[in-house]
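[1] Provided below are the primary sequence and the corresponding predicted coordinates.
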Amino acid sequence: MTPSLISNLNQQKYCALIDTGASVSSIDSDLAVSLGLQMHNKASLSGIRGVQEFSSYMAQVYVPRFRHTILGSFLGVHLSGGTPIILYLADLL
């Protein structure tokens, strides 16, 4: 998938994509740390590598294309491919 929108965190723009198959919104864990986002919880997620535990961060993301702000929990995961934010479609509805 290619990035489909731009999100604004901490007054900087970051590429993001909407993943219709995702069950949660995610943020690259390195980006979350560099932005100083506070970890508020741990969550387990099952995937191709089995069940893993991840940190969860609170963040506010504004999505200009939809004129919508998401305020909530983002799972801190290692994202590759240059897309630091993955948005769960239900968070935009």
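    Received, thanks.
[2] What lies in contact with the biggest strand by length in the chain?
    Counting residues, the longest strand in the chain under DSSP state E turns out to be strand 50-63. With contacts defined as C-beta atoms under 8 Å, 6 or more residues apart in numbering, strand 50-63 is touched by 5-9, 16, 25, 27, 29, 32, 35, 37-46, 68-77, 85, 87, 92. Bear in mind the C-beta positions are built from the backbone N, C-alpha and C, glycine included.
[3] How about stretch 70-87?
    Contacts with stretch 70-87, where a contact means C-beta under 8 Å, 6+ apart, come from 3, 5, 7, 9, 14-19, 22, 24-33, 37, 39-41, 43, 45, 54-63, 91-92.
[4] just the helices in the protein please.
    29-34 (DSSP state H).
[5] what about the strands in it?
    Per DSSP E, the chain carries strands over the ranges 5-9, 12-19, 26-28, 39-47, 50-63, 68-77, 85-88.
[6] How many residues are close by residue 74?
    Neighbours of residue 74 under the rule other C-beta atoms under 10 Å: 28.
[7] For it, list each beta-bridge partner.
    residue 57 (DSSP bridges).
[8] Show me where the chain dips below the pLDDT cut-off.
    1-10, 81, 89-90, 92-93 (pLDDT under 70).
[9] if we go to 80?
    Along the chain, the model assigns pLDDT under 80 to residues 1-12, 47, 80-83, 86-93.
[10] Count the neighbours of residue 85 for me.
    So residue 85, with other C-beta under 10 Å, has 25 neighbours.
[11] Now it: closest residue in space that isn't a chain neighbour?
    residue 16 (3.8 Å; C-beta to C-beta, 6 or more residues apart in numbering).
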